[in-house]
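> prediction below, plus the sequence it came from.
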Amino acid sequence: MALRIVRLGTPRAPGEGLRLGTVRRPPRGVPKAEFASRDYYDLWLPLLSPSPELMRDGQAAADAKAWADFTRRFKRQLATPEASQLLDLLAAMSMRTNLALGCYCEDEARCHRSVLRALLVERGAAIEAG
């Protein structure tokens, strides 16, 4: 059992399990009834996405210092009891079932899902390489 970190909208891996969307907004132009069938997500978890202002700052991060600032601020945002409990739950679930967690960004290294990956690893999540 493991948790995969994925790009939403990409084809699902065999046995991927429930796909969770950690995005602030649903995919544009896609009817809600088709989110899962078009490989976006089965369940929407906007609590694990950056605030709109923080997302803009992350997308505009032009260098390592700006990205580090985004990462620090996003981790602070995720330190709320609700977000922290949800991360703990996902880490625990990854030990018992297959899950996937994702965002729309093409490059995980410059996406908030890289921060989520690190926080889940800290919590002992079983993360599938890839």
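It's in.

> shaky segments in the protein?
Counting by pLDDT under 70, the chain has low-confidence residues at 130.

> which residues in it form helices?
52-60, 64-77, 81-93, 112-122 (DSSP state H).

> what's the local residue count around Arg56?
12 (other C-beta atoms under 10 Å). Heads up, the C-betas are built off the backbone N, CA and C, glycines and all.

> ok, now Gln59?
Around Gln59 there are 12 residues (other C-beta under 10 Å).

> distance of it from Phe70?
Remark: distance between Gln59 and Phe70 (C-beta to C-beta, to the nearest Å) = 9 Å.

> Ile5 too?
From Ile5 over to Phe70 (counting by C-beta to C-beta), the distance is 17 Å.

> wait, which of the helices of the chain is closest to Gly15?
Between Gly15 and the helices of the chain, the tightest spacing by C-beta to C-beta is seen for helix 81-93, at 15.0 Å.

> Ala92: how many residues sit nearby?
13.

> swap in Arg28?
For Arg28, using other C-beta under 10 Å, the count is 6.

> equivalent analysis for Thr10, please.
13.

> how close does the spatially closest residue to it that is not a sequence neighbour sit to Tyr104?
Distances taken as C-beta to C-beta, 6 or more residues apart in numbering put Asp39 closest to Thr10, at 6.3 Å, once the chain neighbours are dropped. As judged by C-beta to C-beta, Asp39 and Tyr104 stand 12 Å apart.

> ok, back up a step: what's the residue nearest to Thr10 in contact with, if anything?
Asp39 is in contact with 8-12, 19, counting by C-beta atoms under 8 Å, 6 or more residues apart in numbering.
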